[in-house]
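Chemist: Let me see the structure of the following:
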Amino acid sequence: MQYRVYSGPRGSAAISPLDQQRMLFKECDTLDAALAWARHLTASGRVPLLIEGDDGTRLDKQQIAAALPHTEHAAFAHDAADKA
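Modeler: Numbers count the residues shown, from 1 in each chain. So this is what the prediction gives:
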């Protein structure tokens, strides 16, 4: 399964299917890896605009923004459990 993460500069609007065909993307093997890349983009001043998977998964800019805080909490809980 492959997931593609499309991104743009801060202030970018949602991308249209036509724009999507012309944009570069980062391909990830798992949804977790795609969300980790989206977190990296946010930390580096860029904006993840779309995550699209071969399985039909489609997360737009707002859905990604809503999911990122939850993935950070899950990663923290996982790390804390490993240290206990």
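
Chemist: wait, S12 sits on L49?
Modeler: Yes: at 5.9 Å, S12 counts as touching L49 under the criterion of C-beta atoms under 8 Å. Glycine gets a C-beta too; all of them are placed from N, C-alpha and C.

Chemist: Neighbour count for these two, which is higher?
Modeler: In this view S12 and L49 are compared by other C-beta atoms under 10 Å, and L49 has more residues nearby, 23 against 15.

Chemist: what's near enough to touch that one?
Modeler: Listed by C-beta atoms under 8 Å, 6 or more residues apart in numbering, the contact set of L49 reads Y6, S7, G8, S12, A14, I15, D60, K61, I64.

Chemist: Mind giving me the ChimeraX select for those, buried ones only?
Modeler: Only the buried members of these enter the following ChimeraX selection, criterion being 16 or more other C-beta atoms under 10 Å:
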select :6,7,8,15,61,64
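
Chemist: Any chance of the contacts of L49 in a markdown table with secondary structure, distance to D54 and pLDDT as columns?
Modeler: A markdown table is the format used below for the contacts of L49 (DSSP: H, G, I helix; E, B strand; the rest coil; distance: C-beta to C-beta, whole Å; pLDDT from 0 to 100):
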| residue | secondary structure | distance to D54 | pLDDT |
| --- | --- | --- | --- |
| Y6 | strand | 15 | 96 |
| S7 | strand | 19 | 94 |
| G8 | strand | 22 | 91 |
| S12 | coil | 24 | 87 |
| A14 | coil | 21 | 85 |
| I15 | coil | 18 | 87 |
| D60 | strand | 17 | 94 |
| K61 | helix | 20 | 93 |
| I64 | helix | 18 | 94 |
